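Visitor: requesting a structural model of the entry that follows:
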Amino acid sequence: MSSGSDDKVTPLRPKRPCPECGKPSARETYPFCSVRCKDIDLNRWLKGAYVIPGRDDEDETDNDPPK
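Guide: Numbers count the residues shown, from 1 in each chain. Next up, the predicted model:
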């Protein structure tokens, strides 16, 4: 194999900013930049801050008796 200066390594993951603070992400804590930002995100998950709201009509259709 030749090892020229034109050889490039394709990263497995694209570079992205940290979702918490916007700094460049670190390989060890991807997609976050640090353990601190990773822990902040985990804390939000554990507190229930990330919730997908349900629709009101879903509850009604589940309780209807079959016809």
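
Visitor: going by C-alpha atoms from here, please, whenever you check contacts or count neighbours.
Guide: OK.

Visitor: how about the helices in this protein?
Guide: For the chain, helices defined by DSSP state H occupy the ranges 35-47, 56-63.

Visitor: which helices and strands sit right next to the longest one?
Guide: Translated: helix 35-47. For helix 35-47, the contact count by 3 or more C-alpha pairs under 8 Å, 6 or more residues apart in numbering; DSSP states H and E identifies no helix or strand as a packing neighbour.

Visitor: rewinding a little: would you turn the helices of the chain into TSV with mean pLDDT and mean neighbour count?
Guide: Compiled in TSV, the helices of the chain are given as follows (pLDDT from 0 to 100; neighbours: other C-alpha atoms under 10 Å):
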stretch	mean pLDDT	mean neighbour count
helix 35-47	96	13
helix 56-63	62	9
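
Visitor: among those helices, which comes closest to C21?
Guide: Shortest separation from C21 across those is recorded for helix 35-47, at 7.5 Å, computed as C-alpha to C-alpha.

Visitor: what lies in contact with the closest one?
Guide: The contact list for helix 35-47 (C-alpha atoms under 8 Å, 6 or more residues apart in numbering) reads C18, E20, C21, T29, F32, Y50.

Visitor: pull the CA atoms of it into PDB?
Guide: Extracted C-alpha coordinates of helix 35-47, given in PDB (Å, rounded to 0.1, in the frame of the first residue of the first chain):
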ATOM      1  CA  VAL A  35     -18.700  14.300  30.500                       C
ATOM      2  CA  ARG A  36     -20.400  17.400  32.000                       C
ATOM      3  CA  CYS A  37     -22.700  17.900  29.000                       C
ATOM      4  CA  LYS A  38     -23.400  14.200  28.800                       C
ATOM      5  CA  ASP A  39     -24.400  14.200  32.400                       C
ATOM      6  CA  ILE A  40     -26.700  17.200  31.900                       C
ATOM      7  CA  ASP A  41     -28.500  15.400  29.100                       C
ATOM      8  CA  LEU A  42     -28.800  12.200  31.200                       C
ATOM      9  CA  ASN A  43     -30.300  14.300  34.100                       C
ATOM     10  CA  ARG A  44     -32.900  15.700  31.700                       C
ATOM     11  CA  TRP A  45     -33.900  12.200  30.600                       C
ATOM     12  CA  LEU A  46     -34.200  11.000  34.200                       C
ATOM     13  CA  LYS A  47     -36.300  14.000  35.300                       C
END
